[in-house]
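1. I would like the atomic coordinates for the input below:
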Amino acid sequence: MGKDLGIFLIKWDEIIGGTVYLKYPPDLEIPENVVQQIQISHDFIESQITIKEKDWNSISYYNEDKQIITVLILDKYADSSDYMGLLEEFNKALDQDATDEELLDHMEKILSTEVFRTRDEVIAKLSNEVAELKMREYDLDRKFEKIINIDAIGVKGKIIALLALKDHLTYEEMRKGINTSKRWLETVLNTLSKNDIIGYNSEKRTYYLKF
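-> Next comes the predicted model:
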């Protein structure tokens, strides 16, 4: 499936089914199976449909009066709900019987302004979310470190706290993170294993929390 941003129109042909009527940019590659999938999904009913798969993300609208489907191919990370306004605007041009040349001009305008601008906003938004998640992870690390160093919390609680934070830990990492004797650490680990609270991955030689 294609990854390029673009916009195209689908019309119904009695013999071959859904066909691409107009597209922009002119060299836009549109897989035939996607065209048919979108056509079948709308089922000749005025509707808006989002199709998001591994290498394809699009939002489409079927204009029942004109019997035309407008498809906007989006960036893989884009939220289709952000583009409904663009489809509604384009459908107004369809309803006003715009010529093919006018429709192509409108397609070019959409892609040269709104879509690319929004794509940059999506990337910026993702970057901010990643930075925020990293900050939260840092804060959690600090909080768990304080918890683990509290003497009132037993070895059992510290093991569970460490595994909740790190997912998988080796025995050696447990020894470094918990201030207790080797014998007592092994005893608590065995107890937690027997109670089915933690598991042991023999290949990675690590402990993990069971859920």
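
2. partners of the strand or helix carrying Thr70 in the sheet?
-> Secondary structure from DSSP states H and E places Thr70 in strand 68-73. Note on strand 68-73: by DSSP bridges, its sheet partners are strand 6-13 (antiparallel), strand 56-63 (antiparallel).

3. gap between that strand and the chain center?
-> 22 Å (Cα atoms, centre = their mean, to the nearest Å).

4. Can you give the contact residues for that strand?
-> 2, 4-11, 18, 21, 28, 38-39, 42, 56-63, 83, 86-87, 90-91, 94, 110, 115 (Cβ atoms under 8 Å, 6 or more residues apart in numbering). Where you see a C-beta, it was placed from the backbone N, CA and C, and this is true even at glycine.

5. Buried subset of those as a PyMOL selection?
-> To isolate the buried ones among the contacts of strand 68-73 in PyMOL, judged by 16 or more other Cβ atoms under 10 Å, type:
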select buried, resi 5+6+7+8+9+10+18+21+28+38+39+42+56+57+58+59+60+61+62+63+83+86+87+90+91+94+110+115
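
6. that older thread, take the strands paired with strand 68-73 and write them to a markdown table, including distance to Asp167.
-> Below are the strands paired with strand 68-73 laid out as a markdown table (distance: least, Cβ to Cβ, whole Å):
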| stretch | distance to Asp167 |
| --- | --- |
| strand 6-13 | 41 |
| strand 56-63 | 30 |
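
7. Now do the same for Lys76: its pLDDT.
-> pLDDT, Lys76: 79.

8. before we move on, what SS does it have?
-> Using DSSP: H, G, I helix; E, B strand; the rest coil, the structure places Lys76 in coil.

9. Kindly report the same for Glu108.
-> helix.

10. just so I have it, where are all the helices in the protein?
-> 32-42, 84-95, 100-110, 116-148, 155-166, 171-177, 182-194 (DSSP state H).

11. other SSEs contacting the first one?
-> Under the contact criterion of 3 or more Cβ pairs under 8 Å, 6 or more residues apart in numbering; DSSP states H and E, the helices and strands touching helix 32-42 comprise strand 6-13, strand 17-24, strand 47-53, strand 56-63, strand 68-73.
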